[in-house]
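Q: No sequence on hand, only this structure:
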């Protein structure tokens, strides 16, 4: 049997949820490790390396010098990361890197 909830979701009287919410009504979130295996799987080793450096705040020029590649190559790697990860900008790449555990604060 279902009882309506104020937020519009349905909650079964036996305590189970039918809509991705915990018993207390808070939204269930996937663990960062679950995101890691899903989001980073399709990346090459070089793309993971570039993503790590982007997440550390490095510029394209700094990445190019560190990896001994041209600026154009670095820009290509960043563009492919944006496309593969569905990110709109470098800021979202940084968030993905932290959420997946690729990098951590400190």
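A: Ah, there it is. A quick note: this is a predicted structure, and the numbers were derived from the prediction, not measured.
Q: max-length helix in this structure?
A: helix 71-85 (DSSP state H).
Q: Next SSE downstream of it?
A: Downstream of helix 71-85, the first helix or strand assigned by DSSP states H and E is helix 90-99.
Q: And that following helix, what's buried?
A: Across helix 90-99, burial judged by 16 or more other Cβ atoms under 10 Å covers 90, 93-94, 96-97. The C-beta positions use only the backbone N, C-alpha and C, and glycine is treated the same way.
Q: need the residues you listed in JSON lines with distance to residue 47 and pLDDT, can you?
A: Shown next, in JSON lines, are the buried residues of helix 90-99 (distance: Cβ to Cβ, whole Å; pLDDT from 0 to 100):
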{"residue": "90", "distance to residue 47": "14", "pLDDT": "98"}
{"residue": "93", "distance to residue 47": "11", "pLDDT": "97"}
{"residue": "94", "distance to residue 47": "15", "pLDDT": "97"}
{"residue": "96", "distance to residue 47": "12", "pLDDT": "95"}
{"residue": "97", "distance to residue 47": "11", "pLDDT": "95"}
